[in-house]
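Undergrad: What shape does this take:
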Amino acid sequence: MYQWWAWPDFRPLNFIEKRRRLTVIIPVRNEAANIENLLKDLNSQTLNKWLFEVIIADDDSTDNTVEIVKKLQSTLSIDLKINQLPPRYQNTSPKKRAITETMKMASGEIIVCTDGDCRVGANWLMSISNYFEAKQPVFLSSPVYFLSPHNELTFFQRIWVRLQQIEFASLIVSGAVSIKMGYPNMCSGANIAYQKSAFKEVRGFEGNEHIASGDDEFLMHKMAKEFKGRVHYLKSKEAIVLTNALSDLKSFYYQRKRWAGKWSHYTSFAPKAMAAFIFLCNTALVYAFVTGNFYLAFIKLWPEFLFLGGLLLFFKSASNLILVPFLQVIYPFYVLFFGLSSLDKKTYTWKNRKLK
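TA: Numbers count the residues shown, from 1 in each chain. Modelled structure (predicted):
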């Protein structure tokens, strides 16, 4: 908690004589409803357009995603390319494949990754470029937050989205603090960047291609091991990427099960220890609730409430503070449930595909 509050936001530099070129890689599958908004955001970047390119890595979309991108190629002023991946029916990790194949055509020295359903602010790429030139990291994780609920949603759907906002903010910031303390643990593939040369040096995703998730965290762990002290976090409101919360319980279940299942594949000690610590802390809290030991629960929940309040201020969502106590009560049961369900190694559905 103290680490986050005492950590100043990164301030953009006024002048940088020489910048390296960026390649923004966006793996997509069936993002027709979202891709135009993201590309228009990228067209509005304050970073000079000759300093970055955008490559859409289309992974066998069955909607008109590609047609939309092709149309925008002639109307937008950014350097926009399409990499249409050939169909691959037994692909256990589509996103890793999309990034690896697209890396071959990337002209930038710095690779920036986000998702097709995200939104970015005008200074997003400028912030990332500034940080790379000022601090020289090999891997940079940056903040991600869920978009606010739409007005057309029902009352309970809006509450559902706001609960996801609080929970996701805690995960993102926990990952940020672990990076700040020198023990990189979590990050989000919706907002990461890394040096292309470093990606090649650690042999990309080699060793975990068979795991559906982990295009972000496994790569970060490999780079943290190879390049001591050069995995960083960009704490800046200008660098926040916004994405959609999950609207239904089934999608939420499969996503969280996929996330929870990654811990058993970690090779570094620190991420495994952190996963075990979080699970045990929440198991202890479940025990405290069940046995009526509310004093023990209060010891954990009060500082946690203050911490979450600080996060919501950073993400400009102070109105969600009223929901924090409710989430604090149900969250330990949620962690226990998904921790145990992750032991089930059966396939699950994601983007209309069955993955392991």
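
Undergrad: Now do the helices in the chain.
TA: Taking DSSP state H as the criterion, the chain carries its helices at 2-5, 35-43, 65-73, 94-103, 124-135, 155-180, 196-201, 217-226, 249-260, 269-291, 294-314, 324-341.

Undergrad: Could you tell me the least trusted of these?
TA: Among those, helix 269-291 carries the lowest mean pLDDT, a mean of 69.

Undergrad: what about Phe252, distance to Tyr334?
TA: According to C-beta to C-beta, to the nearest Å, Phe252 and Tyr334 sit 10 Å apart. Every C-beta, even on glycine, is put in place using the N, C-alpha and C of the backbone.

Undergrad: wait, Val202
TA: Taking C-beta to C-beta, one finds Val202 at 33 Å from Tyr334.

Undergrad: So these two - more neighbours on which side?
TA: Val202 (20 against 13; other C-beta atoms under 10 Å).

Undergrad: For burial, what's the neighbour tally of the nearest residue to the more buried one once chain neighbours are set aside?
TA: Excluding the flanking residues, the one nearest Val202 by C-beta to C-beta, 6 or more residues apart in numbering is Lys222, at 4.4 Å. The number of residues packed around Lys222, counting by other C-beta under 10 Å, is 24.

Undergrad: State the distance from Lys222 to Lys104.
TA: Separation of Lys222 from Lys104 (C-beta to C-beta) stands at 19 Å.

Undergrad: Contacts only, for the closest residue to Ile82 other than its chain neighbours.
TA: Spatial nearest neighbour of Ile82, chain neighbours left out: Ile56 (5.0 Å); criterion: C-beta to C-beta, 6+ apart. The contact partners of Ile56, taken as C-beta atoms under 8 Å, 6 or more residues apart in numbering, are Ile26, Val28, Ile35, Thr65, Val66, Val69, Leu80, Lys81, Ile82, Asn83, Gly116.

Undergrad: so how far does stretch 233-244 reach from one end to the other?
TA: This stretch, stretch 233-244, spans 22 Å end to end (C-alpha to C-alpha, to the nearest Å).

Undergrad: Report the buried residues of that stretch.
TA: Tyr233, Leu234, Lys235, Ser236, Glu238, Ala239, Ile240, Val241, Leu242, Thr243, Asn244 (16 or more other C-beta atoms under 10 Å).

Undergrad: possible to save those residues as CSV with distance to Tyr194 and pLDDT?
TA: Shown next, in CSV, are these (distance: C-beta to C-beta, whole Å; pLDDT from 0 to 100):
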residue, distance to Tyr194, pLDDT
Tyr233, 13, 97
Leu234, 12, 97
Lys235, 18, 95
Ser236, 17, 95
Glu238, 19, 94
Ala239, 15, 96
Ile240, 19, 96
Val241, 16, 97
Leu242, 21, 96
Thr243, 20, 93
Asn244, 25, 89
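
Undergrad: Thanks again, I'm all set now.
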